[in-house]
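**Student:** okay, predicted coordinates and the sequence, questions at the end:
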Amino acid sequence: MANVIKAQESPRVSIASPSSVLASTSPITTDQPAIRRLSNLNNHISQSTPPATPNQSTMVTPANRKFIGWMGLDKDCIKNKSLVKQEFTPKKFTEDDVDIEVSHCGICGSDVHTLTSGWYPTPYPVCVGHEIVGTAVSVGSNVKHIKVGDRVGLGAQCGSCLKPDCYDCTNHQENYCPNIVQTYAAKYPTGETSYGGYANYTRAPGHFIFKIPEALSSEAAAPLLCAGATVYAPLIHNGAGPGKTVGIAGIGGLGHLAILFAKALGVDKVVAISRTSSKKEDAFKLGADQFIATAEDKDWNKTNARTLDIIISTVNDKDMPINKYIDLLRTKGSYIQVGLSEGTEYLPPVAQLPLLLREIRIGGSLVASPNEIREMLQLAADKGVKPWTTSFPMNQVNEALTRFNAGEPRFRFVLVNEK
């Protein structure tokens with residue numbers, strides 16, 4: 001539970017020294033035995049009291065570290081620009097955990113859906129943010145791949161059961177564990193709440209924390225940890241690479257990264273699919289080879305029928321033209337949905353016959369496993385994958401969210417904790 005805790009000053013104990021007592025006591029100058037006894041006592045105290053450790057009273061540890069975040073208190077917090085800065089209580093630190101001093105945190109669509117209770121009722125107060133980059137400042141003894149001082153990142157997942165009898169965890173697909181813990185607005189098995197990266201610090205199990213390659217700036221790395229992972233995983237799972245033609249439906253925060261990663265994976269052709277031509281120029285700058293504006297060509301699905309091997313749909317419109325998207329797929333093509341609509345649990349109705357006649361596969365994907373995120377970060381470093389970002393000081397989070405919700409990003413906003 002988030003709360004505001006007033007800092008308490010450490011109590012100060014003043015002890016008068018024997019010499020001060022001597023100086024203020026009168027008359028004793030003629031009592032030589034008493035003087036000698038007090039002098040001996042003073043020497044004994046001086047010799048037996050160890051020197052104080054410098055700054056011992058101000059040393060920051062996981063136990064006394066202050067976690068302060070920008071908290072949403074109700075579903076209108078974006079509309080009212082009313083996220084407030086206050087202290088929260090993270091999970092208790094264990095030897096499996098890492099504390100991160102946050103330098104950067106990307107703004108994700110999931111943050112907005114959560115702050116507004118768009119997907120489900122949110123447990124307020126909530127600190128969102130799951131595209132987190134910063135410095136490891138405390139590292140539990142069981143965490144071997146991270147050390148204090150490393151630049152690290154945390155994405156949308158901060159926990160799973162990791163039990164030896166869990167099919168998903170033992171097969172390195174922790175992101176599908178039935179006991180997944182999301183980085184914010186979720187509960188650990190202990191009942192403690194997870195809090196995200198719109199904050200000065202965050203705490204999470206080290207299994208889900210990654211070293212950031214030197215070739216990636218922190219601002220570029222942050223959006224990769226959710227948006228990048230969300231599109232990278234379905235691309236590699238469905239064979240994106242040489243010999244493949246890939247369509248990306250929806251050119252926004254997710255879609256622009258899907259174009260970048262498809263090109264980095266070496267596909268033959270990338271086709272950007274959007275409702276209008278407003279993002280056509282940007283799509284070509286990102287590396288797209290072809291652009292389809294679905295609202296401007298009534299026969300777009302017929303003109304481009306059976307031309308794609310894979311479609312990654314980042315669209316979260318409950319009325320998306322899914323059957324026309326499927327028309328674009330070749331035999332044994334794959335349609336993968338990664339966008340999640342508000343207000344419905346279901347995709348639009350899908351015609352059966354095209355699935356049968358061309359052996360079409362329809363699927364979904366949720367972020368990526370820890371191993372896949374490490375691979376993605378290294379690929380981005382090696383191939384120069386850089387999200388298009390705009391940065392805001394963390395203390396301007398309310399303004400940034402308002403502009404994000406208005407559709408302004410081209411294509412990702414990143415909050416920065418300024419020193």
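**Tutor:** Structure received.
**Student:** nearest residue to the middle of this structure?
**Tutor:** Ranked by distance to the mean C-alpha position of the chain (Cα atoms, centre = their mean), the top residue is residue 130 at 2.0 Å.
**Student:** so which residues of the stretch 51-200 of the chain form strands?
**Tutor:** Secondary structure of the stretch 51-200 of the chain (DSSP state E, counting those that start in this stretch): strands at 68-71, 84-87, 97-106, 132-139, 151-154, 157-159, 181-182.
**Student:** chain center to the first one: distance?
**Tutor:** This points to strand 68-71. Chain-centre distance of strand 68-71: 15 Å, with Cα atoms, centre = their mean, to the nearest Å.
**Student:** can you check the longest one too?
**Tutor:** Averaging C-alpha coordinates over strand 97-106 and over its chain gives two centres that are 9 Å apart (Cα atoms, centre = their mean).
**Student:** give the contact list for the residue lying closest to residue 132 once chain neighbours are set aside.
**Tutor:** Of all residues beyond its chain neighbours, the one nearest residue 132 is residue 197 (3.5 Å), with distances taken as Cβ to Cβ, 6 or more residues apart in numbering. In this view, the C-beta of every residue, glycine as well, is placed from N, C-alpha and C. Counting by Cβ atoms under 8 Å, 6 or more residues apart in numbering, residue 197 touches 102, 105, 127, 128, 129, 130, 131, 132, 134, 154, 183.
**Student:** swap in residue 77?
**Tutor:** The contact partners of residue 77, by Cβ under 8 Å, 6+ apart, come to 83, 115, 116.
**Student:** count the neighbours of the first one for me.
**Tutor:** Yep, that's residue 83 we're talking about. Residues within reach of residue 83, counting by other Cβ atoms under 10 Å, total 22.
**Student:** what about the residue nearest to it when sequence neighbours are not counted, how many residues nearby?
**Tutor:** Closest residue to residue 83 apart from its sequence neighbours, by Cβ to Cβ, 6+ apart: residue 70 at 4.5 Å. When neighbours are counted by other Cβ under 10 Å, residue 70 registers 24.
**Student:** quick check: residue 70 vs residue 266, distance?
**Tutor:** Using Cβ to Cβ, to the nearest Å, residue 70 is found at 40 Å from residue 266.
**Student:** ok, back up a step: wait, the residue nearest to residue 83 sits on residue 196?
**Tutor:** No - using Cβ atoms under 8 Å, residue 70 is not in contact with residue 196; the gap is 9.7 Å.
**Student:** touching both of the two, which residues are there?
**Tutor:** residue 127.
**Student:** just to revisit the earlier point, what's the pLDDT at the residue nearest to residue 83?
**Tutor:** What the model reports for residue 70 is a pLDDT of 98.
**Student:** residues contacting it?
**Tutor:** 83, 84, 85, 127, 198, 199, 394, 397.
**Student:** now residue 397, nearest residue through space, not along the chain?
**Tutor:** Setting aside the residues directly before and after it, residue 397 is nearest to residue 70 in space (Cβ to Cβ, 6+ apart), at 4.8 Å.
**Student:** now, which of the contacts of residue 70 lie within helices?
**Tutor:** Mapping the contacts of residue 70 onto helices (DSSP state H) picks out residue 397.
**Student:** what about the helices in the stretch 1-150 of the chain?
**Tutor:** Under the criterion DSSP state H, counting those that start in this stretch, the stretch 1-150 of the chain carries helices at the ranges 18-24, 32-48, 109-115.
**Student:** lowest average pLDDT across those?
**Tutor:** Looking at the helices of the stretch 1-150 of the chain, the bottom one is helix 18-24 with a mean of 34.
**Student:** let me have the strands of the stretch 51-200 of the chain in TSV, extended by distance to residue 336.
**Tutor:** TSV is the format used below for the strands of the stretch 51-200 of the chain (distance: least, Cβ to Cβ, whole Å):
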stretch	distance to residue 336
strand 68-71	33
strand 84-87	38
strand 97-106	22
strand 132-139	26
strand 151-154	24
strand 157-159	19
strand 181-182	21
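**Student:** neighbours of residue 286, how many?
**Tutor:** 22.
**Student:** do you know the pLDDT at it?
**Tutor:** 98.
**Student:** check residue 343 too.
**Tutor:** 83.
**Student:** contact partners for residue 262?
**Tutor:** Contact analysis of residue 262 by Cβ under 8 Å, 6+ apart lists 235, 240, 246, 248, 270, 287.
**Student:** just those residues: which are in helices?
**Tutor:** residue 235.
**Student:** residue 146 versus residue 63, what's the distance?
**Tutor:** 19 Å.
**Student:** how about residue 125?
**Tutor:** From residue 125 across to residue 146, the span is 29 Å (Cβ to Cβ).
**Student:** more neighbours: these two, which one.
**Tutor:** Using other Cβ under 10 Å, the more surrounded residue of residue 125 and residue 146 is residue 125, with 21 against 17.
**Student:** pretty sure that one sits against residue 73.
**Tutor:** Yes - judged on Cβ under 8 Å, residue 125 makes contact with residue 73 at a distance of 5.2 Å.
**Student:** surely residue 92 meets residue 190?
**Tutor:** Yes - Residue 92 is in contact with residue 190 according to Cβ under 8 Å; the separation is 7.5 Å.
**Student:** comparing the two, which residue is more hemmed in?
**Tutor:** Counted by other Cβ under 10 Å, residue 92 and residue 190 do not tie: residue 92 has more neighbours, with 12 against 9.
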